[in-house]
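*Asks:* what's the 3D shape of this:
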Amino acid sequence: MRPFKVSLCALFLLLGSAAPMLGQSGREYRKTAVHNANRVFTVFGNWGVIGQPCDKGPRGAWIYQTNGYVGDVSPFVGVELNVDGALFHDVESCPVARPTRHRRESLSGTPWTFEPAAGYDNSSQEHIAMSDNPPSWPQFWPDKLNDPTDPGWRGSWNGYFGKRSSADQESYFVMDDNNDEKYNYSDNNAYHRTFKPDSRNPARNGLGLVMSVRGLQWRQWLAQDNVFWLYEITNTGTTDYLKTFFGMLCGTYNGVTGCDDSPHEYDDDWSFYDVRYNITYTGDYPKDNSRNPKWVGPVGLVGYALLETPGNPYDGIDNDDDANCPTCTPTSAPLFKSSDFDSILIRAADRVVVIDTNYVRHVVTVPDRDTTFHTRGRDVRVIPGVTKLVEGNVIKDALGNDIMNPNAYDGVDNNLNGLIDENYYLDYHQVKIGFVQATGRYEKLIDIFRPVHHKDYLGGSGTDPFSMVDEMRDDCIDNNRNWNARYDDVGRDGIPDTHDFGEYDGQPTSGYDCGRLQPTHPPHPFDTGLPGEANIDKTDVGESDQIGLTSFQYFAPAGEMDFMDDEDLWKRNSPGFFDVPPTIINNEPVSGEDGDFFYGSGYFPLLAGTTERFSLALVYGGGLPTRDQDLADLLKHKQTVQKIYDANYQFPVAPEKPALVAVPGDAEVTLYWDRKAEQTVDPVLHKVMFEGYKIYRATEPNFLDAPRITNAAGDVIGIRPIAQFDVRDSVTGYFQAGPDLFQGTSGASFYLGNDTGLQHSFVDSGVVNGKTYYYAVVAYTKGDATIGLLPVENTTRIQVDPLTGKLTADVNTTFVVPNGKAAGYKPPEGSVRLTPARAVATGDIYYLVQDPTRIRGHMYQVEFSDTRDSGSFLPMTTSYSVRDLTEQSEPFIPQDTSYVRLLHKNLITGTVTIKDPSGNIVPLTQFIVDYARGQVRSKSAGGILSGTYTIVYQYYPVSESPYILGSPYVKETKDADIFDGVELSFHNDWSVGLIDSLSGWNTGQRSYAFTFSRLDIGDLALNGIKYPADYQFMFADRIVDTSSGLYGSARVPVNFRIWNMTDSNYVTFVYNDADANGKLSSNDQIYIFDKDRSGNPVYTWFINFTTRPNQKDTVYTFTTGDILTIRTYKPFRKGDTYRFTTVRPTVDQVSAGQQLARVKVVPNPYIAASANELALPPNITSGRGLRRVDFTHIPAGAKIHIFTSRGEHVVTLEHSGSIEDGTVTWNLKSKESLDVAFGVYFYVVESSVGNKTGKLAIVK
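*Replies:* Residues are numbered from 1 along each chain as shown. So this is what the prediction gives:
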């Protein structure tokens, strides 16, 4: 059958440049996950809600997972629409489970809300994609298909800065509003209007919005009380929204645990905000959550820190007051003056500014007649000498209160100066006025004199496109000049050494392609879907002209809002509107209630094809004696959050997590891990900060029963490890923090180690069979007191499903149950010496068994590289590789020009064969094989072949590893790399010299004594080299060679030749014939010159001959057959190969039968419970967990029949057949899945090696 082809390129064209790319969305794609990388634990859903669903995990919890602070947090977007003359508003929200007068849904109950988009997680599992949970990732990322070098980023994380996580834990999902049909069909709305957001796609509903959401958490102690949420909202339609706001709905619930509302801890909360720090916060009144029996410890505060708000790069105003940032080009833009907000009389011949549909300003002259000016879609009528224009001035309302002129928020240049929505309260005298609900009066919350810069379109100053007035994140310009070629020049994909566009070209590369403009107003560059390099556009928060927090609206009770009432929601989030809740008097809480709040940022234009951003952090603090102390602690943590944001969400992070493997044994657990962490370059400090490893052990998945380490204030700051290994670098003892850091951390201390040296395996013998143990191996950094940076270590995440109790470990964590092996277990030999296939080296290699469960029984070949690969004359060992000689046969489905990742990396050139679904060999010219990364793709674009192909290859499980004991090229060489359950142990002869026991004459005592050494010849500036080679001096009864005349030495005919046995060539030599007799005599000297790769002689060894002490004046004549052999210690070198075959463990049947007597039941008797039983899942609050007893030392494949004392059959258990585990667990249930009664039971172990009977008691 001819393979079916479909053009992937055509698919890209259909999808266009929208990033994330459009696809299916709906409630059927809803999934959840939990952020838990530090002291903040929260469940969230990919439909946009934080703190829900209540049965899937902690709800904005802090320190303890039962201490929840959040009912719900969700984003919303509002726009103003004008459809066929009807002006109305559409406020898009998320499907949050909370009190409300009406849900936003159709008459049939279909939510008209944001819903998750398909394709951004692994569809075969139930979790949102998390950076530390690779099984949750999709096969490819739909918003990365435009990457020409790696379409879809298969097998990589979709990170903020590229194919890596910038935090210790990240989440990522995408949702859109296509399910909101309220204004897309006339029958669904009171205006009877049909609005379609995208003229290219009539089926597109909602507003054409796509929102990508990213969560970030850092474990670092300074950031351990925060979680960040980043929102990117893209208008994928063709409609420009000139008035838009973004906001957050915050449902307070200080004291919540799970879904149980019966303690009524929601009815005594208070909320307030600090406009100076852009943070709102919620507490409990009066700091007491004792009504919740699961609450642990004191009560703190949760803050909602607004970090990034949308930008307005079109208004001509420096909204965020950063025009003169430290790295920026100084601006010529003027500052606002008070008179700029006075009304202006327009006269004939005055110059005014009009704005076209692309926001381009044009200076025109006022004629001496009535004129209507068209500016950005609006008409402004001017009568010269009569018309007065003003914008953004302070006016009086009907009650005499100072308020802002509403035209400061209409998106129009009302006074024809080219500036849109200048505002006295924002741009000159920063004033925020709040409505105090307790008094019904307006009060100034903040009043600061702070004029900002603006462009002068009439005078021309400040209009430089490179300035930070009206900066934007899609102009391909490094507006604030903070891009650094040394660190940031890595290309559009954000990752170095991928050979992509912009890599190492000496200029900043944006995630936008400004060479491809889209047909929008104004034209916008093509969004490649890639992040671009750091510190430009997408990855530089400073390049957005942010408008800040513009509203805060408090309401109580919590249900006093209506998701269906768009006009009410729009009004609640009107800019300039700030509520002071009735529970707050004189900035202090006086009571609590069931109240929630909105806060928002607007208005700004969200034009077709553009993206705006919004971010917040959940910040926690307090739990201290007074509320003032709580707030001070919260604001201190907010400062850390602000620093992370100001650094573009980059913060010194722990090294990459080591990949941990645990091997259960009999009363022991073997742990081993890789070396990835040791090469991690910190993205902020741009250097390796790795210092060592710590091993943690617990009997509870959150490591809460591990010994705790606290600071002087009693705060838990770490866990005491059971083992620690650090680099030998003289960085030892406790981290010495500077005075400020020491005080700021309340005396926190971090032990850095004592120069033990690194190792990558550990045997824990302090365990009990049958009990579940949880392990984490964390890599940590050394910190830097000079810049106030504490050491930081990896997270210890083991996730527990709140309903089922299912455990999911991270890459550096694991859980394991030690047990005895099956009866008759015979382990493989522990240390086996390798036999050289071909080698000149004199050292030895052994293989050691580390993990019997992963031994494959394959044949392997050990190969080496040496210094000659880098041009050196001396062949010294630099690395080794292990080749698996067993062919790997692996099926794969081609994905056109997208790479398909194989099971193994480091494929070997010349071993690869590809077969089509019919088994026919396909020419390799049709594919591109990435041998190093282990991936394959079609060579030519334009078609995807159907069916399953097969690739056959050999590979290196270990490739060019330098970790050979004693190597001078790496610091730490205590152990080698573990692969397929084994580790090599090298005894390399690094020091080259004479092997006395193997060197000498074949003539016995009829010979001269000699010394063989390195000798420098100072007069000729010649330094001898200890060249690792063996030599033979072969004599004859005639002249057979002549010594060299190098360096002016005499050419002497001689009756011997010197053969280099290692390199298989005759060497050049200089002969110092002491008595000039032409024969080898006492006191003669020979200088050996070996050949380099070009055939040039290189001085290596010096040999001096003398008579033996008891043979003085004896002269010997050497003739045919006489040989002097010189053998040296030689390190492993290129060309040396060793082969070995691993042997799997087996079962000795005779021994197995003899060990039947060891079969036992644990515990026996079983009294009410067993110490080996697991706890209940977090959200299960009643009943008991799984009961269990263990039958140990069971033969492989055996059956266990259990009977009552009356002989009635209860259940039959079967051994899994794995010889590594000789334990069978019974859950104390019958074959009908009913709990068995208390009493005495009898069992029969039936196996191929014999039977065993016994009894057990179950006691109430």
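
*Asks:* correct me, but Ile889 touches Gly919?
*Replies:* To be clear, residue 889 is Ser; Ile isn't right here. No. Using Cβ atoms under 8 Å, Ser889 is not in contact with Gly919, being 11.5 Å away. Quick note: C-beta positions are derived from backbone N, CA and C, even for glycine.

*Asks:* intersection of neighbour lists for these two?
*Replies:* A shared contact of Ser889 and Gly919, defined by Cβ atoms under 8 Å, 6 or more residues apart in numbering, is any residue touching both; here these are Thr950.

*Asks:* of those two, who's got more company?
*Replies:* Ser889 (11 against 7; other Cβ atoms under 10 Å).

*Asks:* now do the strand or helix carrying that one: which elements does it pack against?
*Replies:* Using DSSP states H and E, Ser889 maps to strand 877-892. In terms of contact count using 3 or more Cβ pairs under 8 Å, 6 or more residues apart in numbering; DSSP states H and E, strand 877-892 is assigned the packing partners strand 859-866, strand 949-961, strand 982-987.

*Asks:* also compute the angle for that strand relative to strand 949-961, please.
*Replies:* Regarding strand 877-892 and strand 949-961, their directions subtend 160 degrees when assessed with axes from the mean of the first three to the mean of the last three Cα atoms, to 10 degrees.

*Asks:* how close does the nearest residue to Thr113 once chain neighbours are set aside get to Asp177?
*Replies:* The spatially closest residue to Thr113, leaving aside those adjacent along the chain, is Pro95, at 4.3 Å (Cβ to Cβ, 6 or more residues apart in numbering). According to Cβ to Cβ, to the nearest Å, Pro95 and Asp177 sit 11 Å apart.

*Asks:* between those two, what contacts are shared?
*Replies:* If you check Pro95 and Asp177 against Cβ under 8 Å, 6+ apart, the residues they both contact are 113-114.

*Asks:* who has more neighbours, these two?
*Replies:* Under the criterion of other Cβ under 10 Å, the comparison of Pro95 against Asp177 puts Asp177 first, with 26 against 23.

*Asks:* surely the more buried one meets Leu207?
*Replies:* Yes. The pair Asp177 / Leu207 is scored as a contact, 5.7 Å apart, by Cβ under 8 Å.

*Asks:* shared neighbours of the two, anything?
*Replies:* Shared contacts of Asp177 and Leu207 (Cβ under 8 Å, 6+ apart): 77, 92.

*Asks:* so what's Asp421 up against?
*Replies:* So Asp421 contacts 315, 317, 391-392, 407-412, 603 (Cβ under 8 Å, 6+ apart).

*Asks:* can I have the buried ones of these as a PyMOL selection?
*Replies:* Selection of the buried residues among those in PyMOL, burial being defined by 16 or more other Cβ atoms under 10 Å:
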select buried, resi 315+317+391+392+407+408+409+410+411+412+603
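
*Asks:* what kind of secondary structure is Thr925 in?
*Replies:* Using DSSP: H, G, I helix; E, B strand; the rest coil, the secondary structure recorded for Thr925 is helix.

*Asks:* circling back: what pLDDT does the model give the residue nearest to Thr113?
*Replies:* Residue-level confidence at Pro95 comes out at 97, pLDDT.

*Asks:* what about Arg797, distance to Ala37?
*Replies:* Arg797 sits 7 Å away from Ala37 when distances are taken as Cβ to Cβ.

*Asks:* now list whatever residues contact both of the two.
*Replies:* When contacts are counted by Cβ under 8 Å, 6+ apart, the set common to Arg797 and Ala37 consists of 132, 169.

*Asks:* now Ile403, nearest residue through space, not along the chain?
*Replies:* Beyond its immediate neighbours in the sequence, the residue positioned closest to Ile403 (Cβ to Cβ, 6+ apart) is Asp397, lying 4.9 Å away.

*Asks:* go on, Gly502?
*Replies:* Thr509 (2.9 Å).

*Asks:* which residue, other than its chain neighbours, is closest to the residue nearest the centre of the chain?
*Replies:* Per Cα atoms, centre = their mean, the C-alpha nearest to the average position across the chain is that of Ser165, at 2.7 Å. With sequence-adjacent residues excluded and distances taken as Cβ to Cβ, 6+ apart, Ser165 is closest to Ser131, at 3.9 Å.

*Asks:* repeat that for Tyr603.
*Replies:* Closest to Tyr603 by Cβ to Cβ, 6+ apart is Lys243, at 4.4 Å.

*Asks:* from memory that neighbour sits against Val79, does it?
*Replies:* Yes. The pair formed by Lys243 and Val79 meets the contact definition of Cβ under 8 Å, at 6.8 Å.

*Asks:* just to revisit the earlier point, can you tell me how far the residue nearest to Ile403 sits from Asp421?
*Replies:* Taking Cβ to Cβ, one finds Asp397 at 19 Å from Asp421.
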